[in-house]
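*Asks:* next input, structure requested:
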Amino acid sequence: AVVSTQSTGGPGLSRSGIKKPDYGQVPQIDRSQYKNYLKTLEKAASTPDSGVKISNLPRSIPNATASGWVPPPDKIPDLPYFVWRNVDQTLPVEHKESRDFHRYTQITKIEGNIELFRAAVENFLDDETIPVVANEVTGTITCLGWRAFELKKWLQLQGF
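*Replies:* Just a heads-up that it's a prediction; the model follows:
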């Protein structure tokens, strides 16, 4: 099997351009790589807030069909994170229940700056008592309570 190095920016480099360390090694970052990393942080910090909160969520979404399904947008939103759709073109937001009957909502298939996305979800929910947890390894966000309906509407308004 041939492994392509085009998506990572070259052999041994991550998408951000920082050299990947060998297993068990600490990454060595030089000054130019650190400057690139700081530029990505500055871009993430300057991302505008949508202004949509759970309290002022609109009743209907533009381009929605009678069933409530919204087609994917023609262009990708210019945000530091992205949420992929499922195979059937629905948003990957699901209600789940743990073994001890705690109900939570999970958003999967997230790419990009997941911490900034977690902060945006927390800002949208507008309630400090709702814990929102990001898992960078699996690319998921979990929040307590059944909030899939509101989160799907918010994602559609964001352009996903």
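
*Asks:* looking at the protein, which helix or strand does the model trust least?
*Replies:* Sorting the helices and strands of the chain by mean pLDDT, DSSP states H and E puts helix 31-45 at the bottom, at a mean of 62.

*Asks:* and the helix or strand following that helix, which strands flank it?
*Replies:* Where DSSP states H and E defines the elements, the next helix or strand beyond helix 31-45 is strand 81-83. Using DSSP bridges, the strands paired with strand 81-83 are strand 110-112 (antiparallel).

*Asks:* contact partners of the partner strand?
*Replies:* 79, 80, 81, 82, 83, 84, 117, 139, 140, 141 (C-beta atoms under 8 Å, 6 or more residues apart in numbering). Any C-beta I mention is one placed from the backbone N, CA and C, and that applies to glycine too.

*Asks:* which is the next helix or strand following it?
*Replies:* Next helix or strand after strand 110-112 toward the C-terminus (DSSP H and E): helix 114-125.

*Asks:* for that following helix, name the packing helices and strands.
*Replies:* If you count contacts as 3 or more C-beta pairs under 8 Å, 6 or more residues apart in numbering; DSSP states H and E, helix 114-125 packs onto strand 81-83, strand 132-135, strand 140-144, helix 148-158.
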